[in-house]
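> Need coordinates for the below:
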Amino acid sequence: MVAERASKASTAGARGSGERCARLPSPGSFGLLALALCSLALSLLAHFRTAELQARVLRLEAESGEQQMETAILGRVNQLLDE
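Okay, the predicted model is just below:
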């Protein structure tokens, strides 16, 4: 009886030290992985859309600034010509 326990313990110890049981991850972990990937994709999409919108706003502000400057210069030139 003691010999059986010793042999079981030695085989269990040998099996546990070098071999690993291959099992699939649970469906919940796949769901969490899918949720994480979707979250990453949405955050990247939001980042690129925001960057695109910021570039468009800056371009429009630059164009309107040029137009305002041109209008101010032409107004001043007309004022000087009238004098």
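> Just give me the longest helix of this protein.
helix 27-82 (DSSP state H).
> I'd like the distance between A34 and S26.
Going from A34 to S26 by Cβ to Cβ, to the nearest Å gives 13 Å. For the C-beta atoms, the positions are set from N, CA and C on the backbone; glycine is no exception.
> Kindly report the same for T50.
The value you get for T50 to S26, if Cβ to Cβ is used, is 36 Å.
> One more: R56?
45 Å.
> Next, R23: secondary structure please.
Following DSSP: H, G, I helix; E, B strand; the rest coil, the label given to R23 is coil.
> show me where pLDDT drops low in this protein?
1-19 (pLDDT under 70).
> Recalculate using a threshold of 50.
For the chain, the stretches with pLDDT under 50 are 14.
> Please state the offset of the longest helix of the chain from the chain centre?
19 Å (Cα atoms, centre = their mean, to the nearest Å).
> Can you tell me which helices and strands that helix packs against?
With contacts taken as 3 or more Cβ pairs under 8 Å, 6 or more residues apart in numbering; DSSP states H and E, helix 27-82 sits against no other helix or strand.
> ok, how many other residues are close to E70?
Neighbour count of E70, defined by other Cβ atoms under 10 Å: 10.
> Next: the one 10 residues further on.
By other Cβ under 10 Å, 8 other residues sit near L80.
> Would you mind measuring from it to L74?
Applying Cβ to Cβ to L80 and L74 gives a distance of 11 Å.
> go on, R49?
38 Å.
> Equivalent analysis for S43, please.
According to Cβ to Cβ, S43 stands 47 Å off from L74.
> go on, L58?
25 Å.
> M69: how many residues sit nearby?
10.
> Same question for L37.
By other Cβ under 10 Å, the residues close to L37 number 10.
> Roughly how far does it sit from A51?
Distance from L37 to A51, by Cβ to Cβ: 21 Å.
> do the same with I73
Distance of I73 to A51, given as Cβ to Cβ: 33 Å.
> go on, N78?
41 Å.
> cool, E61 as well?
16 Å.
> ditto for L24
L24 is 40 Å from A51, by Cβ to Cβ.
> who's more crowded, the two?
A51 (10 against 7).
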